[in-house]
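1. Here is a sequence together with a model predicted from it:
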Amino acid sequence: MDERRVVELLRELLHESEGEVKQEYSPKEAGKILGREAGTVRDWCRMRRIKSRKAGRKVLIHHDEVERLKATHCELSPPDPSKVPP
């Protein structure tokens, strides 16, 4: 996902929260920011690859964790088999 798209999505989230940065995101919101499916983000939470917390049945991911994932370019997925040397 290119940087312009990330900025656009963050602006949308800012607009939704009336100018304040959200402190926590749902897997769906985090997925939009990171360019990943909500299910993938939930899997990462379940596998403890990313920090999250549960509030009842909801999974919440802190803003700092989303920023960390953006900085590492979401390198939590398994490697592409076509790019792994034999």
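-> On my side now, so go ahead. Residues are numbered from 1 along each chain as shown.

2. per-residue pLDDT, the most centrally placed residue in the chain?
-> Taking Cα atoms, centre = their mean, the centroid of the chain lies closest to residue 30, which sits 3.4 Å from it. In the predicted model, residue 30 carries a pLDDT score of 93.

3. Which stretches in the protein count as helices?
-> 3-16, 27-34, 38-46, 63-71 (DSSP state H).

4. before we move on, the earlier item: next up, the contacts around the residue nearest to the centre of the chain.
-> By Cβ atoms under 8 Å, 6 or more residues apart in numbering, residue 30 lies in contact with 36, 38, 41, 61, 66, 69. (Each C-beta comes from the backbone N, C-alpha and C, glycine too.)

5. So which of those residues wins on neighbours?
-> With neighbours taken as other Cβ atoms under 10 Å, the top of those is residue 41, carrying 29 neighbours.

6. which residues touch that one?
-> Applying Cβ under 8 Å, 6+ apart, the residues contacting residue 41 are 27-28, 30-31, 34, 50, 61.

7. Out of these, which is nearest to residue 13?
-> residue 30 (10.2 Å; Cβ to Cβ).

8. Could you measure from that closest one over to residue 23?
-> 12 Å (Cβ to Cβ, to the nearest Å).

9. What of residue 41?
-> Relative to residue 23, and taking Cβ to Cβ, residue 41 is found at 17 Å.

10. Report the helix or strand with the lowest average pLDDT across this structure.
-> Within the chain, no helix or strand scores below helix 3-16, which has a mean of 76 by mean pLDDT, DSSP states H and E.
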